[in-house]
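Visitor: return atomic coordinates for the entry below.
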Amino acid sequence: MEVLGMYKFIEEQAVVYQSMSKRILLLGGPGTGKTAVMGCCAIKWANNLVQAGIPGVTANAKVLVVSLTKFAAEHIQNKIAELLEDENVEREIGPILDKEAVFNRIFCSTFHSFSLRMLRHFDSASSFSGVTVVDNESNEEILQKVLGDLQPEWKDDRLVQKQLLDIYLKQRLGRNIPAVIAKRYPRHSEQTELIARILKSLEQRKRQEGLITFDDMVIRFNELLKDKEIRKRIIKMFPVILVDEFQDTTGTQFKVLRKIVGPKTHLLCAGDDGQTLYTWNGASFFRVQHFKNRFLGHEVFTLTTNQRSGRRRLTELSNALISQSKFATQKPVTAKKKGRRPQVICNENPLENYKFIIREVEKLERNGVSLNQIAVIYRFRIDALGFRDFLAQHKKPYKIYWARNKRNRPIIRLIFAFIRIIKSDSFNKDAWRQVLLFHTGAGKKWATAIIKWLKTKKPSNTVYPQQYRFTPHLKQLIEFVSAIKGQKLTNQEKLQRIFDYALRLPKVNASIDEHIKPTLFRHAGESESLSEIIDKYNDRSFALFYSFEDQPPFSDSHITLSTIHGIKGGEFHTVFYLGTGDHLFKKHGLFASKKKREGELQALNVAVTRAKRRLYLLFPINLKTWEKGEVVPNPWRFLRRVDGKLLDVD
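Guide: From the prediction side, this is the model:
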C-alpha cells in the first residue's frame, strides 16, 4: 500500500489518543474526524498489546471495535488500514514494529455479528454453529405458521400480526406481556394467555428450525452474559473496546456493553447526539447521558472542526439544521474552505430528477470521479424503485444497502444448499433435500428415500438405486459434489462451478436477477470460506451489487444507493438526496410528535453530512410549492427555516 503521510491531526484530536483515561466519551459533529481518532486509539492500544501485552488478559487478546451497521464497521476497518500506513500516525503514537500484527489484533464488527460470534464460541449447547441468519421480517413468516395452528382467524389479519410482533419484541427485551398488552393493546387483554402461547410457540419454532434474526443475536447474547464465568472470559479476550455511533445503541446493546466492560477495560464511545437515527429500534436521545451516569470517572472530549469536507457551506447547512433540535447538545462545527452551496432541485415529475442525477453522474465521471464516490440517499425504499430501473436502463452499476427483497430466490436457496453440502463434514439432510428437489423426477417422497440411502452410502459404493427415475441425475450430482470437495479451488472457482451445475438443471430459471452473481462473487472474493457468504448475503447491512456483465469479472465501481439509516458512517464526494412525497410521511405519522419530528430532523442532518464536496437535494414538488411552503409534513420544512443564502434553489 502506498505510504500516505497525509492525515494531519489537530490539537483537539491529539488530546484524545494521548489521554490515559480508561473511560472516554468522544463527541463530535459530522465530519469532525471521530473515525480517524478512534482508528488511532485502536492502533495505539493494539500496538501496546503486541509489544508489551496487558497484565491479566489472554495471550491473543484483541481490541474490539463495534458499530451498528456492516457499512460503518467496514469503513472503520478500512480507515485503520490507511492509518497504519500513514507516517503521521507513527509520529503521533510512537513506533509500530509489526503493522500486520497490530492490524490482526483489531477486531471490527457490528454488534449483531459480534454477538453471534460469541454465541457460537461459548454456547455450543444451543448449536449456534448451525443456525441460519435471517431477516427480522422472517418472524412474520414463522408467525403465519404458528397462527395457522393456534389461531387461524388471525392468519390474514395484518394489523394483529404487527401487534403480536411488537409484543414479542418487547417481551424479548425483558418487558412483561400482560403489562405491554394492557398499556398498548388493551382490546386484547382477554386474550393475554393465548398471545403468550402464540409467542412461546413462535420462539420454539425458530429454535427448532435453526433460525436466528438480528435482534435475536444481541438478545440471546445478553442472556448468555448472565453467566459470570463467560463474562470474565470475554473481558479478558477484549481488554479494549471502542464503540462507534454510540448514540444509536439500543437498550439491549448498552446492557451488553456494560456487562463486557470490566474494571480494567479501556473503553471509548464515540457519537453525536445530533445524529440519532434508530429511536424506533430502541436507541435513545439520552444515550450520551446514560454513559455519563453509568461509567463514572470518565473524560469527555468534543471535536468541532470539520475534517471530512472542510466546506463551510455544507457545514453551515448542518449547523442550521441541528440548531432546530430540541435534544441535541453538540457544538457548532467549523470549516475553513467556502465550497459550493447545496443545490435544491424541485420537479413534479420524479423522472426529471432521475435524468438530472444521471447527467451529473456522467459529468463527474468525465472529471475523474469514481462511481464509488457517488451516493444516492433516500428516506424510504420505495423512493428508489423507479431510480433503480432508470440506472438499469443506462447500464450504470450500483450497490444497494438494506434492500429488503430479492434475497430469497430459489436459485439462492439452491446455491446455498450446495455450499452447505460442500463445506460440511457431517451429512446435512436439509441441504441435500433442497438440492434433490431441484432435480427432475424428485418429489418429497423420493427425496426422503434417497436421503435415507445417502446417509448410509459408503464412498466405495458405486451401485445406485435403480428404482428412482432420475438415477443418472443422482449419479452426476454425487460425482459433482465429490469432485468439488476433493479439489483445491478458490472460493470464486467453487462458486462458478456450482453456478454452472445449477443452471443446467431444468427446474432452475436460467434468467436470474442481475444482483445475484456480482454479489455472491464479490463476497466469495472477500471471504475466508464459502460458508461466510451465506451469513453475509442474508445480512441486509451487506450490499447487493448490480452489474450488467454476464460473467465475472464484474465491475468494481458502483454508485451507492441506500436509505439514510443504511448509509450511516459513509462519506462521498457527491451526494444526491432523493426526497420523498408527503403522503409517506403522513401515512407513517412521522411528524405526529416532538420525538418523531426530531427523528426526521436528525435523519435529514445525517443525509446532508455524507457529502464531502457536492450536495444535491431533490424533491418531487414544483418550485412554487417550495416557495409558498404549502406542504409541511416533509423534511424540506426544516430547510425552509435555513438562511436562504446557504442554499441554491432551482
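Visitor: longest strand of this structure, counting residues only.
Guide: Here the longest strand in the chain is taken by residue count, with DSSP state E as the criterion, and it is strand 611-619.
Visitor: and residue 149, what element?
Guide: The secondary structure element spanning residue 149 is helix 138-150 (assigned by DSSP states H and E).
Visitor: after that helix, which helix or strand is next? Please name it.
Guide: Following helix 138-150 in sequence order, the next helix or strand is helix 158-172 (DSSP H and E).
Visitor: average pLDDT for the longest strand of the chain?
Guide: Averaging pLDDT along strand 611-619 yields 92.
Visitor: please apply the same query to stretch 331-348.
Guide: Per-residue scores along stretch 331-348 average to 84.
Visitor: what comes up buried for that stretch?
Guide: When burial is assessed from 16 or more other CB atoms under 10 Å, stretch 331-348 yields the following buried residues: 333, 335, 339, 341-347. The C-beta positions use only the backbone N, C-alpha and C, and glycine is treated the same way.
Visitor: in JSON lines, list the residues you listed along with distance to residue 155 and secondary structure.
Guide: Below are the buried residues of stretch 331-348 laid out as JSON lines (distance: CB to CB, whole Å; DSSP: H, G, I helix; E, B strand; the rest coil):
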{"residue": "333", "distance to residue 155": "52", "secondary structure": "coil"}
{"residue": "335", "distance to residue 155": "56", "secondary structure": "coil"}
{"residue": "339", "distance to residue 155": "56", "secondary structure": "coil"}
{"residue": "341", "distance to residue 155": "54", "secondary structure": "coil"}
{"residue": "342", "distance to residue 155": "49", "secondary structure": "coil"}
{"residue": "343", "distance to residue 155": "50", "secondary structure": "strand"}
{"residue": "344", "distance to residue 155": "47", "secondary structure": "strand"}
{"residue": "345", "distance to residue 155": "46", "secondary structure": "strand"}
{"residue": "346", "distance to residue 155": "45", "secondary structure": "strand"}
{"residue": "347", "distance to residue 155": "43", "secondary structure": "coil"}
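Visitor: which one of the residues you listed is nearest residue 444?
Guide: residue 347 (53.4 Å; CB to CB).
Visitor: show me what contacts the closest one?
Guide: 353, 356, 618-620, 622 (CB atoms under 8 Å, 6 or more residues apart in numbering).
Visitor: how close does it get to residue 579?
Guide: Distance of residue 347 to residue 579, computed by CB to CB, to the nearest Å: 10 Å.
Visitor: overlap of the contact sets of the two?
Guide: By CB under 8 Å, 6+ apart, residue 347 and residue 579 have these common neighbours: 618-620.
Visitor: before we move on, the earlier item: what mean pLDDT does the helix holding residue 149 have?
Guide: Model confidence over helix 138-150 averages 86 on the pLDDT scale.
Visitor: is residue 535 part of a helix or strand, or is it coil?
Guide: The three-state assignment at residue 535 reads helix, by DSSP: H, G, I helix; E, B strand; the rest coil.
Visitor: picking that back up, the longest strand of the chain: partners in the sheet, and parallel or antiparallel?
Guide: As defined by DSSP bridges, the strand partners of strand 611-619 come to strand 343-346 (parallel), strand 572-578 (parallel).
Visitor: now the ones you listed as CSV including distance to residue 165?
Guide: Listed next are the strands paired with strand 611-619 as CSV, based on distance: least, CB to CB, whole Å:
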stretch, distance to residue 165
strand 343-346, 38
strand 572-578, 29
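Visitor: out of these, nearest to residue 647?
Guide: Evaluated over the strands paired with strand 611-619, closeness to residue 647 peaks at strand 343-346, with 5.4 Å, by CB to CB.
Visitor: quick one: list the elements packing against the very next helix or strand once past the closest one.
Guide: The helix or strand immediately downstream of strand 343-346 is helix 350-366, counting by DSSP H and E. Counting contacts by 3 or more CB pairs under 8 Å, 6 or more residues apart in numbering; DSSP states H and E, helix 350-366 is packed against strand 374-378, helix 382-393, strand 572-578, strand 611-619.
Visitor: the last one to helix 350-366, inter-axis angle?
Guide: Read that as strand 611-619. Using axes from the mean of the first three to the mean of the last three CA atoms, to 10 degrees, the interaxial angle of strand 611-619 with respect to helix 350-366 works out to 160 degrees.
Visitor: now do residue 16 against residue 502, distance only.
Guide: Noted for residue 16: a distance of 51 Å to residue 502, by CB to CB.
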